[in-house]
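**Q** missing the sequence, but the structure's below:
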């Protein structure tokens with residue numbers, strides 16, 4: 001029996017090609033959380049790279065975004081964690097750049113990584129920290145091109161403030177619960 005109490009899944013795409021794209025906001029947030037906890041992502045398990053800090057497992061799936069659920073569900077099943085103890089951290093096109101939303105659960109909002117987690121887990125009842133990247137600026141741009149586009153200098157400036165706040169929201173979920181994190185960070 002494990003004493004693991006939380007799984008935080010930071011969503012993104014593996015590889016240098018995607019490192020600084022809008023869709024990798026989850027990975028970037030995970031790096032900040034790991035630094036604050038004094039751990040490093042290095043252990044390859046569950047189809048991802050992991051870091052452990054006490055009763056928390058941090059996971060960056062190394063499968064492509066659309067298959068994130070495979071990694072997340074393997075880790076949650078291994079530790080017998082119910083959906084309400086699996087925190088997903090990811091980008092959201094429906095929020096303005098840098099805006100945060102902490103939620104107890106809900107639909108995928110069209111995010112394929114979240115959709116895969118819901119499908120494989122069989123539940124929408126897992127908490128999330130969503131980080132706004134903004135909607136595509138023009139209708140002639142395909143959504144996939146927008147989310148896989150490299151962050152601009154202006155976007156990086158916004159995220160330099162937003163990502164540390166998102167990391168604080170993640171840590172608040174672990175320490176104080178989802179409701180408290182919602183009350184504190186949903187105004188950011």
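**A** Okay, I see it. Worth saying up front: this structure is predicted, and the values here are computed from it rather than measured. Numbering: from 1, shown residues only.
**Q** contacts and neighbour counts: CA atoms only from here.
**A** OK.
**Q** and the longest helix for this structure?
**A** Across the chain, the helix with the greatest residue count (assigned by DSSP state H) is helix 153-176.
**Q** Next, the angle from the following helix or strand past that one to helix 153-176.
**A** Once the chain leaves helix 153-176, the next helix or strand it forms, by DSSP states H and E, is helix 178-185. Put simply, helix 178-185 runs at 140 degrees to helix 153-176, going by axes from the mean of the first three to the mean of the last three CA atoms, to 10 degrees.
**Q** Pull out the buried positions in helix 178-185.
**A** 178, 181-182, 185 (16 or more other CA atoms under 10 Å).
**Q** Which one of those is nearest to residue 99?
**A** Ranked by distance to residue 99 (CA to CA), the buried residues of helix 178-185 are led by residue 185 at 9.5 Å.
**Q** Specify the residue positioned farthest from the middle of the protein.
**A** residue 140 (27.7 Å; CA atoms, centre = their mean).
**Q** you'd agree that one is in a helix?
**A** No. According to DSSP: H, G, I helix; E, B strand; the rest coil, residue 140 belongs to no helix; its state is coil.
**Q** a helix runs through residue 58, doesn't it?
**A** No. Counting by three-state DSSP, residue 58 is not part of a helix but strand.
**Q** ok, back up a step: can you list the buried residues of helix 178-185 in a markdown table and add distance to residue 31 and pLDDT?
**A** As requested, these are exported to a markdown table (distance: CA to CA, whole Å; pLDDT from 0 to 100):
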| residue | distance to residue 31 | pLDDT |
| --- | --- | --- |
| 178 | 21 | 96 |
| 181 | 19 | 96 |
| 182 | 22 | 96 |
| 185 | 19 | 94 |
